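In: have a look at this prediction, sequence included:
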Amino acid sequence: MRTPTTLALLLLTACAAPPPGVDPEWNAIQQQRLERLRQPRRPLESVVALLGRPPRDLWQDPQPAAVDRGPATAAPATVSTGPRPFRSPQQPVVVRAAVGLGDVAAKSRDTRLDDRARAAFVRASVETGTGAALQAELWSSEDDLFQGTRINDGVAPADARATLRGVDLFPHVRFDLTGAGTFSLPLRAGVFAEWQTIDHEAAGVERRWLSLGPRVVFEPTLRLFGDGADGVDLVGRLGGDFGPAWFDETFRGGADGDSTLRWSGEIGAGLRGQWGALQAELGYGLRHALFGSIDSDLLGSPGRTDLQRQQVFLGGGFRF
């Protein structure tokens, strides 16, 4: 029995047979075609002849060969799996602390309370690379504020000598309004909470103000010398805030309170140096707060109250 291949060849030969009178060259061409049909199939050699190189064997080497891209070409980013870190080295946390010496002043219009006393200050702050930050400041004066003045303690005249203490909290977010360069303009925007008290210890009278509201602070910064993150900067500070304030007082035989408005502004300047992870800062700051008039049983209805503090401070910080 003839095989299917033989039958197919005979059929193709019959179909390819030229009609009578055809040129012998046609017969030669058909003969070459038949010879190629009889040759074994070699697809790989055909691909090599077409591409000029052997194809990559995907079954033996599923990963692409490593290519030396040179130092100027960055490798493509890959998607990582697993838990993500709390922060990256490009978003450091900066912790700063400072101590200051200066004075505080207090003045209540329409009264005899107008004096200034030396004071000490402590300030600390934490700032993340994302811009979120928290700043806290505490201060306390010596106990000779209003020394030599007398006030009504609710029963009789008494020594007005007092101590002014307070604490200020400022959670905020930092925005850089300018790009990197010799000059930058960070903006700190957030809310403040401030508590101040005047304690007339000898008279047994204490007055307190609690204030809340929005605060904005600009910090123009000029690089004096240095390269990259390391160097010395001249840093300014200009800010203000506004909000309601709640006043209360206690005295011999009674207590009273009222609410009012508060305005405040601050200015300052300093030198800030950074070397690696360490920072140091020396500067001056002044803040003046104005409280609206109040109505109380002990003071009556005095006008505006001014509370001021100023300091020269020295601080340091650590970045990690």
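Out: Sure thing, it's come through.
In: what does the model give the residue nearest to Arg304 when sequence neighbours are not counted for pLDDT?
Out: Distances taken as CB to CB, 6 or more residues apart in numbering place Arg109 nearest to Arg304, at 5.1 Å, with adjacent residues excluded. Where you see a C-beta, it was placed from the backbone N, CA and C, and this is true even at glycine. On pLDDT, Arg109 comes in at 87.
In: ok, Arg109 to Phe170 distance?
Out: 28 Å (CB to CB, to the nearest Å).
In: got it, and Thr197?
Out: Applying CB to CB to Thr197 and Phe170 gives a distance of 19 Å.
In: likewise Lys107?
Out: From Lys107 over to Phe170 (counting by CB to CB), the distance is 24 Å.
In: more neighbours: the two, which one.
Out: Phe170 (20 against 14; other CB atoms under 10 Å).
In: can you give me phi and psi for that one?
Out: Note on Phe170: its backbone torsions stand at phi -140, psi 80 [degrees, to the nearest 10].
In: what does the one 5 residues further on give?
Out: Dihedral angles of Phe175 (phi, psi; degrees, to the nearest 10) stand at phi -120, psi 130.
In: in space, what's closest to it - neighbours in sequence excluded?
Out: Leu187 is the one closest to Phe175 (CB to CB, 6+ apart), at 4.7 Å.
In: pairing partners for the one you found in the sheet, please.
Out: Phe175, Phe218 (DSSP bridges).
In: got a pLDDT number for it?
Out: 96.
In: quick check: which element contains Ile29?
Out: helix 24-38 (DSSP states H and E).
In: other SSEs contacting that helix?
Out: If contacts are counted by 3 or more CB pairs under 8 Å, 6 or more residues apart in numbering; DSSP states H and E, helix 24-38 sits against helix 4-16.
In: check which residues of stretch 193-211 are buried.
Out: 193-194, 196-200, 202-203, 205-211 (16 or more other CB atoms under 10 Å).
In: not counting sequence-adjacent ones, nearest residue to the one residue sitting closest to the centre of the chain?
Out: The structure's the chain has its C-alpha centroid closest to Gly131; by CA atoms, centre = their mean the separation is 1.2 Å. Nearest non-adjacent residue to Gly131, counting by CB to CB, 6+ apart: Arg174, 4.3 Å away.
In: can you give me every residue that contacts the one you found?
Out: Contact analysis of Arg174 by CB atoms under 8 Å, 6 or more residues apart in numbering lists 127, 131-133, 186-188.
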